[in-house]
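Visitor: Task: produce atomic coordinates for the following.
(one chain, ligands or ions: 1)
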Amino acid sequence: MVKAEFHKLGVIGAGVMGQALIQGLMRKQMVTLKNVWAAAKTEASCEKIRAELGITALTNYNDRLADTDVLLLCVKPNGIKGVLEKLKAGGLKPDTLIISIVAGATIETMENTLATENPVIRAMTNTPCTVGQAMTTICGGTHATQKHLAIAQQIFDAVGICMELDESHFNAVTSLAGSGPAYVFLIMEALADGGVRVGLPREAALKIVSQTLLGAATMVQQSGRHPAALRDDVTTPAGCTIGALLTMEDGKIRSVLARAVEEATKIAGNLGKEKK
Ligand SMILES: NC(=O)c1ccc[n+]([C@@H]2O[C@H](COP(=O)([O-])OP(=O)(O)OC[C@H]3O[C@@H](n4cnc5c(N)ncnc54)[C@H](OP(=O)(O)O)[C@@H]3O)[C@@H](O)[C@H]2O)c1
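Guide: Numbering: from 1, shown residues only. So this is what the prediction gives:
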């Protein structure tokens, strides 16, 4: 693997995702209190970041740009254009790597807005980055080299699993990984409701459901076997599992879930587009 090194990281938009990434990098000792800074829109958020993470946090970061090697952009989609314009006007170094996790912000839009030769990487991650279990995909822009991709890979590996994927898949990934935790939370809630319906206390039902999901997901990851094969293993003839599975199929669970992913992918395709 290409050696990936950076000395100073700036995180612009240190909200939920930005802070989770900083905390993950600190846990893995990839950044120290001294070589990372954060930016937020309001002074109130900066104060909170300083108090909670102990790092420099500012609303105006122009004088930090001269010695920053990597900028992680974690603002909301409607803020990315303004941030890129501010960077361009504010003294962005020509070799600073820009990594954006902003949903819908394409490499082409970011590169056109910047109109510089800065390496740009687009990433899509998800909220499990707050517990070190993110699924992140990355894709490099026109000026991004293997070294830049290796830096991004290292950053996102610090908060979970990261893989490179062509940008043409990013709407699908936004749906499957970005929104994915919400689908799973809904499924967990429904399964726990089932437990409550048959007499389990809510707390016990949720604990059983969450550990069962974690266990099943770990089995898929560690065994490398297809979920259908693992499902077959626990489906005893004339048993209760096949009864439950057929009830789910009657409710079209498979196509409902797959169509939901399709719908969110379509919506993701419109995220970065300006409203007329
Ligand atoms: N949440 C998810 O599930 C998820 C999943 C994948 C990707 N993402 C992407 O992650 C990005 C951030 O999401 P989030 O949930 O972390 O949002 P968030 O908690 O609202 O954080 C956004 C941060 O950006 C700051 N900000 C806004 N405008 C700014 C500016 N001009 N300069 C500097 N900082 C600015 C805000 O500061 P103030 O606090 O002062 O307003 C806030 O700290 C989004 O683009 C989203 O598409 C999110």
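Visitor: do you know how far residue 191 is from residue 240?
Guide: Distance, residue 191 to residue 240, by Cβ to Cβ, to the nearest Å: 14 Å. Quick note: C-beta positions are derived from backbone N, CA and C, even for glycine.
Visitor: scratch that, residue 76
Guide: Applying Cβ to Cβ to residue 76 and residue 240 gives a distance of 46 Å.
Visitor: do residue 63 as well
Guide: Shown here: residue 63 relative to residue 240, a distance of 65 Å by Cβ to Cβ.
Visitor: quick revisit: which of residue 191 and residue 240 has more neighbours?
Guide: Between residue 191 and residue 240, counted using other Cβ atoms under 10 Å, residue 191 has the larger neighbour count: 17 against 9.
Visitor: The more buried one - that's part of a helix, no?
Guide: Yes - counting by DSSP: H, G, I helix; E, B strand; the rest coil, residue 191 is part of a helix.
Visitor: ok, it - contacts?
Guide: If you count contacts by Cβ atoms under 8 Å, 6 or more residues apart in numbering, residue 191 has them with 205, 209.
Visitor: Show me the shaky parts of this protein.
Guide: Scanning the chain for pLDDT under 70 picks out 1-4, 272-276.
Visitor: got the contact list for the residue of the stretch 51-200 of the chain found nearest the ligand?
Guide: For the stretch 51-200 of the chain and the ligand, the shortest gap (Cβ to the nearest ligand atom) falls at residue 103, measuring 3.2 Å. Residue 103 is in contact with 77, 124, 174, 178, 268, 271-272, counting by Cβ under 8 Å, 6+ apart.
Visitor: Buried ones only from those residues, please, as a ChimeraX command.
Guide: Buried subset of the contacts of residue 103, written as a ChimeraX selection, criterion 16 or more other Cβ atoms under 10 Å:
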select :124,174,178,268,271,272
